[in-house]
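*Asks:* requesting a structural model of the entry that follows:
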Amino acid sequence: GLALFALLWSVAAAPAADWSTIRIGTEGAYKPFNYYDAAGKLTGLDVDVVQALCDRLKARCVFVAMQFDGLLPALLDGKIDGVATGWSMTEKRRKVVDFTDKYYTRYARFMACGDGSFPDTSPAGLKGKVIGTQGGTANDDYLEATYKGSELRRFKSMDDAYADLAAGRLDLVLSSEASSYDFTRSEAGKGCRFAGERLAGKPFGLGVGVGLRKADTELRDQLNGALKQIIADGTYDAIVKKYFPFSIY
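*Replies:* Got it, this is the predicted structure:
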């Protein structure tokens, strides 16, 4: 009885949210950002960065993996407190959720396999070429608006698009530079390389942040403070170097 009374009293007496435990939703299927390693442990750049933020705040991070399209409802329903799964800070998302400062930039880039050479990746240079990407993404919107003379093929996942590229059914894919780099290190992606420059800016969203509920401004400010710390002291760079030989900020 007394323990329950103390618990009820502490709940009533706590006007501010208690962020000693922070529940973070992620997809667990977006290598190398969030995925299960050989031991079945959830890992990746998103997980490592957010864990470092929680360490700075002396908070316990609990990671919850779920389907990509289940993350937003879970956040809004209060089942999780944040989302770290490569959400670009687009105007569309900002209407519904708040974000921390960016912890990486999602650069888009064309990639080709085999002996196809594409020195000119402008819309004129890729006229008549077959380009694949994941449907319903910023990359898909960009190709549709800009590459009207190319044949566009949309896939359920980038894994499917990479498979068709490696098999020679596509001339190029457009994806995030980071996930394409990861593919080039796999057996299937051995003969593949980037074509053209990095693409960034408004069509692709203004960087990737941790998605939060609009009401949780205190949590946002705490995470932003911790992010500044890990960037300043080299922790952030050390995490990135585990996954990429180039800057993604």
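
*Asks:* in which helix or strand does the residue nearest in space to the middle of the chain reside?
*Replies:* Nearest residue to the geometric centre of the chain (Cα atoms, centre = their mean): residue 86, 1.3 Å. Under the criterion DSSP states H and E, no helix or strand holds residue 86.

*Asks:* hang on, isn't it packed against residue 102?
*Replies:* No. Using Cβ atoms under 8 Å, residue 86 is not in contact with residue 102, being 11.5 Å away. From N, CA and C alone the C-beta is placed, and that goes for glycine too.

*Asks:* the strands in this structure, which residues?
*Replies:* Taking DSSP state E, the strands of the chain run over residues 21-26, 29-30, 34-36, 42-43, 60-65, 82-83, 98-99, 108-113, 130-134, 151-155, 172-176, 192-199, 211-212.

*Asks:* ok, which of these comes nearest residue 238?
*Replies:* In terms of Cβ to Cβ, the element of those nearest to residue 238 is strand 42-43, at 15.0 Å.

*Asks:* contacts for that closest one next, please.
*Replies:* 26, 28, 34, 35, 36, 37, 63, 65 (Cβ atoms under 8 Å, 6 or more residues apart in numbering).

*Asks:* report the contact partners of the last one.
*Replies:* It refers to residue 65. Residues near residue 65 by Cβ under 8 Å, 6+ apart: 25, 26, 27, 28, 29, 34, 36, 42.

*Asks:* would you mind checking those for buried ones?
*Replies:* Among the contacts of residue 65, those classed as buried by neighbour count (16 or more other Cβ atoms under 10 Å) are 25, 26, 27, 28, 34.

*Asks:* quick one: the helices in this protein, in order.
*Replies:* 2-12, 45-56, 71-76, 91-94, 138-146, 158-166, 177-184, 217-232, 235-243 (DSSP state H).

*Asks:* could I get those helices as CSV with mean neighbour count?
*Replies:* Below are the helices of the chain laid out as CSV (neighbours: other Cβ atoms under 10 Å):
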stretch, mean neighbour count
helix 2-12, 9
helix 45-56, 22
helix 71-76, 17
helix 91-94, 13
helix 138-146, 17
helix 158-166, 21
helix 177-184, 21
helix 217-232, 16
helix 235-243, 15
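
*Asks:* what's the closest of the ones you listed to residue 193?
*Replies:* When those are compared by Cβ to Cβ, helix 177-184 sits nearest residue 193, at 6.8 Å.

*Asks:* packing partners for the closest one?
*Replies:* Helix 177-184 sits against strand 108-113, helix 158-166, strand 192-199, with contacts defined as 3 or more Cβ pairs under 8 Å, 6 or more residues apart in numbering; DSSP states H and E.

*Asks:* okay, that helix in CSV with CA atoms only?
*Replies:* As requested, the backbone C-alpha atoms of helix 177-184 are provided in CSV (Å, rounded to 0.1, in the frame of the first residue of the first chain):
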residue,chain,number,x,y,z
GLU,A,177,25.5,7.7,-51.0
ALA,A,178,26.0,6.0,-47.6
SER,A,179,23.7,3.0,-48.3
SER,A,180,25.1,2.6,-51.9
TYR,A,181,28.7,2.7,-50.4
ASP,A,182,27.7,-0.2,-48.1
PHE,A,183,26.4,-2.1,-51.2
THR,A,184,29.7,-1.7,-53.0
